[in-house]
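**Q** sequence? don't have it. structure:
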Ligand code: NDP
C-alpha cells in the first residue's frame with residue numbers, strides 16, 4: 001500500500017521534500033468495514049492550506065500523516081452490509097492506494113458510470129462550488145458582464161459556462177495563449193485574457209466595455225487589482241479562492257491599498273461574500289447534481305480533465321497546480337478503473 005505523507009510543512013511554495021512516499025501493508029477490513037482501492041485522486045488548491053499549521057476552516061494534516069483528498073474508489077473487500085466488492089464510491093481516501101472505511105462519508109456512484117472521475121470535477125465539489133457561488137452569491141442576470149479568473153480550471157470553467165447559459169457576457173482570465181484559446185473555442189466564453197500579458201489590465205478593461213457586474217474571485221493578487229476599478233455599482237463578488245496568495249509568507253510591502261478596496265466596496269455598494277462550499281451549501285448538493293447531470297447530457301456544459309498517471313506523481317502535480325501547470329481539473333489516476 002503506497003502512501004504519500006506530509007513530511008514537513010512548506011515555507012512558501014511546496015516542494016517535493018515536503019512529501020514522503022512510504023509502503024505499508026494493505027489492511028484487512030474488520031466487521032462493518034470496507035477496504036477501498038483508490039482509482040482516482042483529486043488534487044485541489046485547498047490542500048495547500050492543510051499543509052500549513054495555521055488553523056483555518058478545517059484542521060491541518062499532521063506531520064507524518066497521509067495527505068488528505070477526495071477519491072473515486074472501488075470496494076475491494078466488504079464486511080459492511082451496504083457495500084459489495086466492485087461498488088464504486090466517492091470517498092475521502094487520501095493520497096494512498098488502499099484505505100479502510102466504516103462507510104462514514106462514502107457515497108455510491110451510479111453503477112456503470114461512464115466517466116467516474118467526473119465525480120471529482122464537474123459533477124463533484126468544484127462543479128458544485130461554481131454552481132452555488134455563481135448562482136446564489138453572484139446572481140447573474142442576462143446581459144450582465146461576468147468575469148472569472150482561473151477560467152480553464154475546475155471551478156472557473158464551469159462558472160463561465162453557467163454564466164453563458166444565463167445569457168451573460170462572459171470574460172475569462174487564464175494563464176497563457178493555449179488556455180485562453182480553449183476557454184473561448186471549447187468552452188464558449190466570449191473572450192479570455194491572459195493575465196501574464198504585460199498590458200493585462202488594459203486588455204481586461206477593453207473586454208468589459210460596460211464594466212463588471214459579477215466577478216467570481218478564484219485568484220486575488222494582480223488579477224484582483226485589475227478587476228477592482230472595473231466593478232460596477234451593485235456588483236457581486238463571490239469570494240471563492242485566493243490561489244495567488246496561498247504560498248505567501250508575509251503581507252506585501254506597501255502602499256496599503258485596503259482603503260481603496262473598502263472605499264470601492266462602500267461607494268459602489270458591492271456585495272463581496274466568501275463561502276466554503278459544503279459548509280454553506282451542502283443541503284443543496286442534490287439540486288446541483290440533478291441540474292449538472294442534465295446539462296452534461298444535453299451537451300450544454302463541457303469539461304476538461306488533466307489526468308496524471310501514477311500516485312507517485314501526485315506531489316509534482318500538486319506543486320504544478322499552484323503554478324498554473326494544470327490544464328483543466330487535475331486528477332491522479334492511481335489504478336485502472
Ligand atoms: P484550477 O483547476 O483552476 O487550478 C488552479 C489554477 O489557478 C491554475 O491552473 C492557474 O491557472 C491559477 N493560478 C495559480 N496561481 C495563480 C496566480 N498567482 N495568479 C493567477 N492565477 C493563478 O483550481 P480549482 O478550479 O480547483 O480552484 C480554483 C479556486 O477555487 C482556488 O482558489 C480554490 O482554492 C477555490 N476553491 C474554493 C472552494 C470553496 O469552497 N470556497 C471550493 C473549491 C475551490 P492559470 O494558468 O489560468 O493562471
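**A** Looks like it arrived, so ask away. Here the structure is a predicted model, which is why all the values come from computation and not from measurement.
**Q** hey, let's count contacts and neighbours off CA atoms from now on
**A** OK.
**Q** how close does residue 9 sit to residue 305?
**A** According to CA to CA, to the nearest Å, residue 9 stands 28 Å off from residue 305.
**Q** can you give me the helices for the stretch 201-337 of the chain?
**A** In the stretch 201-337 of the chain, the helices defined using DSSP state H, counting those that start in this stretch lie at 221-227, 258-267, 277-281, 285-297, 314-321.
**Q** can you tell me the helix or strand for the residue nearest to the spatial centre of the chain?
**A** Nearest to the geometric centre of the chain sits residue 126, at 4.6 Å (CA atoms, centre = their mean). Using DSSP states H and E, residue 126 sits within helix 125-132.
**Q** what comes into contact with that helix?
**A** With contact meaning CA atoms under 8 Å, 6 or more residues apart in numbering, helix 125-132 is reached by 119-122, 154-156, 158-159, 162, 240, 277, 281, 285, 288-289.
**Q** Over to stretch 14-34?
**A** Against stretch 14-34 from outside (CA under 8 Å, 6+ apart): 1-10, 35, 48, 75-81, 83, 98-103, 247, 312, 315-316, 319.
**Q** List buried members of these by neighbour count.
**A** Buried members of these, scored by 16 or more other CA atoms under 10 Å, are 2-10, 35, 48, 75-80, 83, 98-103, 247, 312, 315, 319.
**Q** Show me which residues of the stretch 151-300 of the chain sit near the ligand.
**A** Taking CA under 6 Å from any ligand atom as the criterion, the stretch 151-300 of the chain approaches the ligand at residues 152-156, 174-175, 218-219, 240-244, 275-277.
**Q** Select from those every entry located in strands.
**A** Counting by DSSP state E, these place residue 174 in strands.
**Q** could you check the distance from residue 90 over to the ligand?
**A** Distance of residue 90 to the ligand, computed by CA to the nearest ligand atom, to the nearest Å: 16 Å.
**Q** May I have the phi/psi pair for the nearest residue to that residue once chain neighbours are set aside?
**A** Excluding its sequence neighbours, the residue lying closest to residue 90 (CA to CA, 6 or more residues apart in numbering) is residue 72, at 4.8 Å. Dihedral angles of residue 72 (phi, psi; degrees, to the nearest 10) stand at phi -100, psi 120.
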